[in-house]
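A.B. asks: compute the structure for the input listed below.
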Amino acid sequence: MSSVNDAVPVITQPGQGRGMSVFGDGVEFVITGAQSGGRFTQWIETTHPGGGPPPHYHTREDENFYVIEGSAEFFQGGQWTAVVPGTAVFMPKGEVHAFRNAGETPLKMLITTVPSGFEIFFDRCAVEFAKPEGPDMTRLVEIAGEHGIHFVTP
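C.D. replies: Sure, this is the predicted structure:
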């Protein structure tokens, strides 16, 4: 994570962010922690139908979601809630949550984590997903834990 003194003005035009594929989703980082001086990380995530992470919580970051297009459901408080494009969702650190694409077309969301660092987690996971034999799921859970992300059974 960068220091707050290292923040720089950023304008990221559509398609100009740093892209990757991780967990079966397309991710485009539009503002990284290096650019925001460690304040936050922001990306556009495109999730395939039926996709999304299992219930989990973060010990380090608050997470903000803005649904751009598609049909989403969010898990919070032990239940799933359907949302439409234009919906904003805030999940403070420590809150068990998940999301999933509940539709038949790609789900596109703008996601922001505060403070930054989520891009480092995704970078490390992308290395696992790039292996010819596929990712080692045990290793992915270990990496998540090293970044304060913990999966739970609802």
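
A.B. asks: hey, where'd the strands end up in this protein?
C.D. replies: Along the chain, counting by DSSP state E, strands occupy 18-22, 25-31, 41-47, 56-58, 62-69, 72-76, 79-83, 88-91, 97-101, 107-114, 149-151.

A.B. asks: of the ones you listed, which is nearest residue 121?
C.D. replies: Proximity to residue 121 (C-beta to C-beta) singles out strand 149-151 among the strands of the chain, at 6.8 Å. All C-beta atoms are positioned from the backbone trio N, CA, C, and that covers glycine.

A.B. asks: how far away is residue 85 from residue 66?
C.D. replies: To residue 66, residue 85 is 9 Å away according to C-beta to C-beta, to the nearest Å.

A.B. asks: and for residue 141?
C.D. replies: Note on residue 141: its distance to residue 66, by C-beta to C-beta, is 28 Å.

A.B. asks: more crowded one of these two?
C.D. replies: residue 66 (16 against 13; other C-beta atoms under 10 Å).
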